[in-house]
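Asks: Prediction below, plus the sequence it came from.
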Amino acid sequence: MVNKAFHLLLVSFLLILGACASKSKDQMKAFRAAYAANEYDDAAELLKKSELNKDSKSVLLLNLEKGTLQLAQGNETGAIKSFQTALDLIDKLYTKQLSAKLASFLVNDASDVFYGASYERSYAHYFLSKAYYSRYQKLQNKLDLQGARAAILAWDSYFSELQRSAAPKTIYQTDLMLKVFGGEIHEISGIRTDKQISLQLYKDALDILNTMGGSFEVFNSSSKDFIKDYETALAQGRKPSPKSYSATAAQLDLKDFLHYKILALTREIRGSDFALQVKNLKPSAEVLKKVNGDKGNVVIVLEEGLIPQKVPRVFNIGIEGAADAVEDPKTKNAIRTVGSAVLAAFAMNTLGMTPHGADSPGAFVFGYEATKVAANHAAIAFELPMIEETPKLKDYHLFILDDKGKILKQESIAVVSENGAIAKLVLEEDAVARYVKTGTRVAVRHITAILGAMVLYNQLKDKGEYIAKLAAMGTYVAASKGIAALEKADTRHWTTLPHSFRMSELALKPGVYQVAISPKIEKPQENTMKILGSIQVVESVKAIHHFKLTP
């Protein structure tokens, strides 16, 4: 009677838990849609009433969402507070609690504190810097410019810490946006030492583009081959081979942009090195023409779309391999008594547990530990969070128009970072790292349920095979539903993070201009252009202008 009451209580709890999770997902979907449609007041109301606002384990995520929304609303002070709170939490969670979590075998991700993926922790620094700079543009308080610069330095420190602590080594060890946007922020200060830092940041960005950049399809049409070589190169402490790097139009645009930045700044602060830099970089004729023209004073940053959403993907783990990996003494002893092969055979033949509809972790190959528990005949399915697939980014031209709509300038606007691709890479790497630990944890719970089903089956076998099998399956199915409810993949994510960042720099005379983009075609027409907004250029003052491009 007690067991039955407990079972009913557990089922009720799981139903409530599932209903809350479903409600929260629907709320965040509505919030994301309102944000994408620039309906910020509606988005703010949705966020205020959401389950996220009440969840003590998602405080970091709440501050990330609040920050991007406040910045879109023009509330820089609120955004600074939200992102600073987020970064304080990241420091506390990442340095003091995440290592303990990684060592834990029992904790399920979806029921634990939201730590954020490495790219989410990274871009909190970008948005804090952007918030400070946006407030500086309004109030012209130099302390805000210093705040923007300090956020860039903290961003660089974040990656230094990530590189020291990452095990196994991750491909995402730094970020192009850190280097390029960080370089522009340092340039704005006008201080010579800051400009020297900028120059080095642009050089670093070019090196990253030539190495890590090859991991992304937006820059390299052979990115899958490159990733495999890059993983081997990381383990061997060498650079990946350039043979699997087939540069795309987007890669060439960004390379031209970085060549321009390096050469223009070299000419300004290290004139004697200019000829050598030209010789080493071998820039295009167009880049050299731009470098020899007027000094750039307008930087355009385009935040495009919204990052693809995290979704649960199903993976399989073999019962025999998982049984051999069990560490719990009682379960281990029970398995030893029965035998892992007998257990697997019972699961497959009596309970019908075989591998089914599962994904692979993309281009990544499981290491030795994973192969020991790989799915073969009898298998247990479990979920890991992955990223949705999205269409390829388009190549765009940037246009500057006068107040009558006449085109004055046309430039490429380079993709600096495709965050959807970064998220895919990070989560696939994470899937490999989590496969054994998460799969084995889930498997232990299933194996315990299978052992219980075996006991019941053996007790009822004398009354007939059909009855025994039916009872065993009923017991296992009930248990597996409870396990599935407890072991859902953690799909919480920073839903208002842009899908990509693009940048361009131009030289414009003082005045008011319209900014537009259009897909790259031979003869752009008005109906292909999308007006992003307007800018005011002040004489002798370089400025960064942010725009959003929604689908």
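Replies: Yes, it's here. Residues are numbered from 1 along each chain as shown.

Asks: in this structure, which spans are strands?
Replies: Remark: strands assigned in the chain by DSSP state E are 298-304, 310-318, 379-387, 396-401, 407-412, 414-418, 500-506, 511-519, 530-537, 543-549.

Asks: what lines up beside the third one in the sheet?
Replies: Taking DSSP bridges as the criterion, strand 379-387 forms sheet pairs with strand 310-318 (antiparallel).

Asks: and the partner strand, what's its mean pLDDT?
Replies: For strand 310-318, mean pLDDT is 84.

Asks: any weak-confidence spans in the stretch 101-250 of the chain?
Replies: Within the stretch 101-250 of the chain, the ranges that satisfy pLDDT under 70 run 101-111, 166-169.

Asks: swap that for the chain, please
Replies: Across the chain (using pLDDT under 70), the flagged ranges come out as 1-22, 95-111, 166-169, 354-378, 522-527.

Asks: nearest to residue 243, of the strands of the chain?
Replies: Closest to residue 243 of these, according to C-beta to C-beta: strand 414-418, at 22.9 Å. (Glycine included, C-beta is placed from N, CA and C.)

Asks: Packing partners of the closest one?
Replies: Counting contacts by 3 or more C-beta pairs under 8 Å, 6 or more residues apart in numbering; DSSP states H and E, strand 414-418 packs against helix 176-189, helix 249-269, strand 500-506.

Asks: how about the ones you listed in JSON lines, adding mean neighbour count and distance to residue 128?
Replies: Below are the helices and strands packed on strand 414-418 laid out as JSON lines (neighbours: other C-beta atoms under 10 Å; distance: least, C-beta to C-beta, whole Å):
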{"stretch": "helix 176-189", "mean neighbour count": "25", "distance to residue 128": "11"}
{"stretch": "helix 249-269", "mean neighbour count": "22", "distance to residue 128": "23"}
{"stretch": "strand 500-506", "mean neighbour count": "23", "distance to residue 128": "15"}
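
Asks: highest average neighbour count across the strands of the chain?
Replies: Mean neighbour count (mean count of other C-beta atoms under 10 Å) peaks for strand 414-418 among the strands of the chain, with a mean of 27.

Asks: partners of that one in the sheet?
Replies: Applying DSSP bridges, one finds strand 414-418 paired with strand 500-506 (antiparallel).

Asks: ok now the partner strand, how far from the chain's centre?
Replies: How far strand 500-506 lies from its chain's middle: 20 Å, per C-alpha atoms, centre = their mean, to the nearest Å.

Asks: Provide a list of residues in contact with the residue nearest the centre of the chain.
Replies: Geometric centre of the chain, nearest residue: residue 423, 2.9 Å, by C-alpha atoms, centre = their mean. Listed by C-beta atoms under 8 Å, 6 or more residues apart in numbering, the contact partners of residue 423 are 117, 119, 307-308, 310, 387, 493.

Asks: now, which of those sits nearest residue 439?
Replies: Distances from residue 439 to these, taken as C-beta to C-beta, are shortest for residue 310 (18.6 Å).

Asks: Next, find the distance separating the nearest residue to residue 440 once chain neighbours are set aside from residue 331.
Replies: Excluding the flanking residues, the one nearest residue 440 by C-beta to C-beta, 6 or more residues apart in numbering is residue 325, at 4.9 Å. To residue 331, residue 325 is 11 Å away according to C-beta to C-beta, to the nearest Å.

Asks: between the two, who's got more neighbours?
Replies: Under the criterion of other C-beta atoms under 10 Å, the comparison of residue 325 against residue 331 puts residue 325 first, with 19 against 16.

Asks: okay but residue 246 is in contact with residue 224, surely?
Replies: No - between residue 246 and residue 224 there is no contact under C-beta atoms under 8 Å: 11.2 Å.

Asks: what residues are up against the nearest residue to residue 412 once chain neighbours are set aside?
Replies: Nearest non-adjacent residue to residue 412, counting by C-beta to C-beta, 6+ apart: residue 253, 4.5 Å away. By C-beta under 8 Å, 6+ apart, residue 253 lies in contact with 395, 412-415.

Asks: For residue 196, see how far away residue 273 is.
Replies: In terms of C-beta to C-beta, residue 273 sits 12 Å off from residue 196.

Asks: Also compute the angle for the longest helix belonging to the chain relative to strand 500-506, please.
Replies: For the chain, the helix with the greatest residue count under DSSP state H is helix 419-460. In terms of direction (axes from the mean of the first three to the mean of the last three C-alpha atoms, to 10 degrees), helix 419-460 departs from strand 500-506 by 170 degrees.

Asks: Report the inter-axis angle for helix 419-460 versus helix 176-189.
Replies: 150 degrees.

Asks: So residue 260 versus residue 293, what's the distance?
Replies: Applying C-beta to C-beta to residue 260 and residue 293 gives a distance of 10 Å.

Asks: scratch that, residue 214
Replies: Counting by C-beta to C-beta, the separation of residue 214 from residue 293 is 31 Å.

Asks: Just want to know which of the two has more residues nearby.
Replies: Per other C-beta under 10 Å, whichever of residue 214 and residue 293 has more neighbours is residue 214, with 26 against 11.

Asks: The more buried one against residue 243, yeah?
Replies: No - Residue 214 is beyond contact range of residue 243, at 10.4 Å (criterion: C-beta under 8 Å).

Asks: Could you count how many residues lie near the nearest residue to residue 42 once chain neighbours are set aside?
Replies: Excluding the flanking residues, the one nearest residue 42 by C-beta to C-beta, 6+ apart is residue 34, at 4.4 Å. Residue neighbour count, defined by other C-beta under 10 Å, stands at 19 for residue 34.

Asks: Might you report the residue contacts of residue 34?
Replies: Contact analysis of residue 34 by C-beta under 8 Å, 6+ apart lists 40, 42-43, 46.

Asks: before we move on, what about residue 503?
Replies: Taking C-beta under 8 Å, 6+ apart as the test, what residue 503 contacts is 180-181, 184, 257, 299-302, 413-414, 416.

Asks: possible to save those as JSON lines with distance to residue 470?
Replies: Formatted as JSON lines, those follow (distance: C-beta to C-beta, whole Å):
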{"residue": "180", "distance to residue 470": "64"}
{"residue": "181", "distance to residue 470": "63"}
{"residue": "184", "distance to residue 470": "68"}
{"residue": "257", "distance to residue 470": "67"}
{"residue": "299", "distance to residue 470": "69"}
{"residue": "300", "distance to residue 470": "67"}
{"residue": "301", "distance to residue 470": "63"}
{"residue": "302", "distance to residue 470": "61"}
{"residue": "413", "distance to residue 470": "64"}
{"residue": "414", "distance to residue 470": "63"}
{"residue": "416", "distance to residue 470": "60"}
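
Asks: which residues are contacting stretch 329-347?
Replies: 318-320, 323-324, 326, 353, 377-378, 444, 447-448, 450-451, 453-454, 457.

Asks: about what we covered before: quick one: which of the contacts of residue 503 is nearest residue 268?
Replies: Nearest to residue 268 out of these is residue 184 (C-beta to C-beta; 14.2 Å).

Asks: Spatially, and excluding backbone neighbours, which residue is closest to that closest one.
Replies: residue 299 (5.3 Å).

Asks: And for residue 541?
Replies: residue 297 is the one closest to residue 541 (C-beta to C-beta, 6+ apart), at 7.0 Å.

Asks: I figured that neighbour was touching residue 535, is that so?
Replies: No - with contacts counted by C-beta under 8 Å, residue 297 stays clear of residue 535, the gap being 10.9 Å.
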